[in-house]
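Undergrad: I'd like to go over a predicted model; first the sequence, then the structure.
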Amino acid sequence: MCLKGDAEAWEALITRYRRLIYSVPVRFGFSTADAADVFQAVCLKLIEHLHEVKDETKVSAWLITTTTRQCIHIKALKRREGSTDEEFEEPPDPAENLEEVSIMVEQQHTVREAVEQLSGRCRNLIEMLYFDVRSLSYDEISQAMGMPVASIGPTRARCLDKLRIILRRRGVKE
């Protein structure tokens, strides 16, 4: 449907993979603004090249590779912008660690999808504890969730147990 120009299908596709795309620049240590630039560039590349992805199950792998390459490209540009001729370093080899990064990002995407399957309360708690870039304190989480601080630890343990079950069903081993 995306290839036929269906705007809702594009929105659904981007919504489905936005966390996956953003996770790569975050792993590279990019600022929020740089991560947003990478996200935008990768979405444009997806629009331009989606017709080349023959197998729908390969979209996430294509996105991981494309996003990683975009991050490497931006890191190299930033390094050149910040260096004088005397300090110039060779840009990193794009093939170096690409497989490791790809595997790591795929694993993170699998965990993210599993977290989305949790009930609202568990999902919110896990996201605040492990995915929120603000690194919220227990007091802040307590206020946001409307639960006592003393309940956060036990609730977290129960939610992580539920997450483990979902991941096992998906074939992820501990």
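TA: Cool, got the structure. Residues are numbered from 1 along each chain as shown.
Undergrad: And the helices in this protein?
TA: Using DSSP state H, the helices assigned to the chain run over residues 7-27, 32-49, 59-82, 98-116, 120-126, 138-145, 149-169.
Undergrad: Check which residues of the last one are buried.
TA: Using 16 or more other Cβ atoms under 10 Å as the test for burial, helix 149-169 gives 152, 155-156, 159-160, 162-163, 166-167. Quick note: C-beta positions are derived from backbone N, CA and C, even for glycine.
Undergrad: tell me the domain ranges of this structure?
TA: Listed domain ranges for the chain are 1-100, 117-174 (source: automatic domain parsing).
Undergrad: Mind telling me which of these the model trusts least?
TA: Mean pLDDT values for these show the minimum at domain 1-100, a mean of 75.
Undergrad: To residue 132, which of the helices of the chain lies closest?
TA: Shortest separation from residue 132 across the helices of the chain is recorded for helix 138-145, at 8.9 Å, computed as Cβ to Cβ.
Undergrad: Show residues contacting the closest one.
TA: 121, 124-125, 128-129, 136, 148-149, 152 (Cβ atoms under 8 Å, 6 or more residues apart in numbering).
Undergrad: Now with 7 Å, please.
TA: Outside helix 138-145, the residues that touch it by Cβ atoms under 7 Å, 6 or more residues apart in numbering are 124-125, 128-129, 148-149, 152.
Undergrad: So which of those is surrounded by the most neighbours?
TA: residue 125 (23 neighbours; other Cβ atoms under 10 Å).
Undergrad: how far away is residue 35 from residue 166?
TA: Distance of residue 35 to residue 166, given as Cβ to Cβ, to the nearest Å: 27 Å.
Undergrad: Pick out the residue closest to the middle of this structure.
TA: Nearest to the geometric centre of the chain sits residue 23, at 2.5 Å (Cα atoms, centre = their mean).
Undergrad: How about the contacts made by that residue?
TA: Contacts of residue 23 (Cβ under 7 Å, 6+ apart): 105, 108-109.
Undergrad: ok, now with 8 Å
TA: 105, 108-109, 112.
Undergrad: Most neighbours among those, which one?
TA: residue 105 (23 neighbours).
Undergrad: right, and it touches residue 27 too?
TA: Yes: applying Cβ atoms under 8 Å, one finds residue 105 in contact with residue 27, separated by 6.9 Å.
Undergrad: Please report how far residue 66 lies from residue 136.
TA: 32 Å.
Undergrad: higher neighbour count, those two?
TA: Between residue 66 and residue 136, counting by other Cβ under 10 Å, residue 66 is the more crowded of the two (18 against 14).
Undergrad: I'd guessed the more buried one sits against residue 45; true?
TA: Yes: between residue 66 and residue 45 there is a contact under Cβ under 8 Å: 5.5 Å.
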